[in-house]
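**Q** Here is the input, now give the coordinates:
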Amino acid sequence: MEKIQQEKEKFEALFQHASMGILVANTKTEILLVNHFLLDLFGYTKAEELAGKKIEILIPSRYHGKHVGYRDNYNKNPQPRPMGLGKDLFAVKKDGTEFPVEISLSNYIMGDESFTIAFVSDISKRKEFENAIFQQQQKLNDTNSKIEDLNNELEQKVETRTKELQDALAALETSKDELTKALSKEKELSDLKSRFVSMASHEFRTPLSTILSSASLVAKYTEGEEQEKRNKHIHRIKTSVNNLTNLLNEFLSIGKIEDGKIVANNSDFNLKEMITALCSEMESISRTGQQFRYEHKGEEDIFSDPTLMRNVVTNLLSNAIKFSPEGSLINVKTNVTKSEIVLHIKDNGIGISTEDQVHLFERFFRGANVTNIQGTGLGLHIVGKYIELLDGKIEFKSELEKGTEFIIRLKRAS
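**A** As a prediction, the model looks like this:
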């Protein structure tokens, strides 16, 4: 008996002095035993206050309904396990104060009766720490979210500023290109103006001086036997007037072309007859001993603008006469096929240097080797524009002192 009493005292000491709340309940969930720690935990002073009471006395009333179901299920299959795993559990003190708890359950059988042991711990401090950690985590998440928003905003601003800078650079580059083009155009206009002034002062002065001097001389020849001399000067006056008329016509043609007032008016005409007539007409102004040789192949009738074609051929034949020596041969060929009309005009004159060839169709341009020969530098420019209106192409081959050949190709309407 003494030994049993000693064991009982040992158990009593362990039970009462444990550092967590312990209670024992029967299958009716009536509290049978509680230790001192549990009494202090729930605010009770004597075990008798809880003895025989339902265990729900320690649980907030709002959980009583669910707890009855939980305890019945446990009693059907009692075994050691933690309660409320993954759930927040709450207990209620004698004064009605609620606090979070952690509960572990175990059971034992004595005789024919089963008993449940509950180990209860107050986890208020832990919850405070957890809540503090959670709040810190929330603050950290909020801070991270704000930082992320700021980063996104900054990236967006950087992207926007970069786009604005790229647009500004593109606009600046465009402005630079436009300014460069404007300066180039201004320089071109300035060069054209200088060429025009130089050309006009020379080309107008010469025929005007000839007209003035010839008119003065004609006035002196009053005798009948001096008619031949009068005729000579009258011819010079007529020639100079014609030169001035041609010069003004060239200026007028340039203006009309640039204003879009000249368009191709196509019609059927005989190409061979036109070229033959033009060669005969140009012989009257050709230099001494110069001859025209004309050859034609293919059909004679074509569909094109006869006026533009006449102006092109007249200009090219005039140049061939002007830039070729006396006694030279000027070859003219036309060839009409099913797909195109080809015109060749070749002289044996002074030719065009390689350096001058790239500027040949520019306005007021004259080669370095033709400064002593009358001309405006507009003829070939006008020819090039007329060929464009005829939807054709113009090519040339030239070598200094070996002559020049112009080749014109026009498509035939199908």
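
**Q** Tell me which stretches of the stretch 1-150 of the chain form strands.
**A** 21-26, 31-34, 81-82, 89-92, 98-110, 113-122 (DSSP state E, counting those that start in this stretch).

**Q** List of residues touching the last one?
**A** In this structure, residues lying in contact with strand 113-122 by Cβ atoms under 8 Å, 6 or more residues apart in numbering are 20-27, 29, 32, 38, 41, 55, 58, 74-75, 78, 91, 99-109. Every C-beta, even on glycine, is put in place using the N, C-alpha and C of the backbone.

**Q** give me that answer again for 7 Å
**A** For strand 113-122, contacts defined as Cβ atoms under 7 Å, 6 or more residues apart in numbering pick out 20-27, 38, 41, 78, 91, 99, 101-108.

**Q** Report the angle between it and strand 21-26.
**A** 160 degrees (axes from the mean of the first three to the mean of the last three Cα atoms, to 10 degrees).

**Q** partner strands of strand 113-122, parallel or antiparallel?
**A** The strands that strand 113-122 pairs with in its sheet are strand 21-26 (antiparallel), strand 98-110 (antiparallel) (by DSSP bridges).

**Q** So which bits of the shortest one are buried?
**A** Spelled out, it's strand 21-26. Across strand 21-26, burial judged by 16 or more other Cβ atoms under 10 Å covers 21, 22, 23, 24, 25.

**Q** Can you lay out the residues you listed as CSV showing distance to residue 410?
**A** Shown next, in CSV, are these (distance: Cβ to Cβ, whole Å):
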residue, distance to residue 410
21, 115
22, 118
23, 118
24, 121
25, 118
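
**Q** Point out where the stretch 1-150 of the chain drops to low pLDDT.
**A** 1-9, 11, 65, 67-86 (pLDDT under 70).

**Q** all strands of the stretch 151-300 of the chain, in order?
**A** Under DSSP E, counting those that start in this stretch, the stretch 151-300 of the chain gives strands at 267-270, 291-298.

**Q** nearest to residue 390, of these?
**A** strand 267-270 (12.7 Å; Cβ to Cβ).

**Q** for that closest one, the distance to its chain's centre please.
**A** 50 Å (Cα atoms, centre = their mean, to the nearest Å).

**Q** Got the confidence number for residue 252?
**A** At residue 252, the model reports a pLDDT of 62.

**Q** ok, which stretches of the stretch 301-414 of the chain are strands?
**A** So, for the stretch 301-414 of the chain - with DSSP E, counting those that start in this stretch - the strands run 301-304, 329-336, 340-346, 392-399, 403-411.

**Q** that older thread, could the strands paired with strand 113-122 go into CSV alongside distance to residue 63?
**A** As requested, the strands paired with strand 113-122 are exported to CSV (distance: least, Cβ to Cβ, whole Å):
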stretch, distance to residue 63
strand 21-26, 16
strand 98-110, 10
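
**Q** Minimum distance to residue 149: which of those has it?
**A** strand 98-110 (35.2 Å).

**Q** got a list of contacts for stretch 31-43?
**A** So stretch 31-43 is in contact with 15-16, 18-26, 45, 47, 50-53, 55, 58, 91, 93-95, 120, 122, going by Cβ under 7 Å, 6+ apart.

**Q** same question but for stretch 384-403, I mixed them up
**A** 257, 262-264, 304-305, 308, 311-312, 346-353, 357, 361, 383, 404-411.

**Q** ok, the buried residues of strand 21-26 vs residue 269, which is closest?
**A** The nearest one, if we look at the buried residues of strand 21-26 relative to residue 269 and count by Cβ to Cβ, is residue 21, at 125.2 Å.

**Q** which non-adjacent residue is nearest that closest one?
**A** residue 38 (3.2 Å; Cβ to Cβ, 6 or more residues apart in numbering).

**Q** pLDDT score for residue 245?
**A** pLDDT, residue 245: 62.

**Q** now swap in residue 375 and tell me
**A** Reading off the model, residue 375 has pLDDT 60.

**Q** how far away is the nearest residue to residue 17 once chain neighbours are set aside from residue 100?
**A** Leaving aside its sequence neighbours, residue 17 sits nearest to residue 36 (Cβ to Cβ, 6+ apart; 7.4 Å). Separation of residue 36 from residue 100 (Cβ to Cβ, to the nearest Å): 21 Å.

**Q** likewise residue 61?
**A** 17 Å.

**Q** Give me the more crowded residue out of the two.
**A** Each of residue 61 and residue 100 has its neighbours counted (other Cβ atoms under 10 Å); residue 100 has more, 17 against 10.

**Q** Now that that one has come up, it's in contact with residue 125, right?
**A** No: shown here, residue 100 and residue 125 do not form a contact pair, counting by Cβ atoms under 7 Å, at 9.7 Å.

**Q** which residues sit in contact with residue 101?
**A** Going by Cβ under 7 Å, 6+ apart, the list of residues near residue 101 reads 89, 90, 91, 120, 121, 122, 123.

**Q** can you check residue 341 too?
**A** By Cβ under 7 Å, 6+ apart, the contact set of residue 341 is 302, 410, 412.

**Q** Name whatever forms a beta bridge with the first one.
**A** Read it as residue 302. Under the criterion used here (DSSP bridges), residue 302 is bridged to residue 269.

**Q** count of neighbours near residue 29?
**A** Residue 29, neighbours per other Cβ under 10 Å, totals 17.
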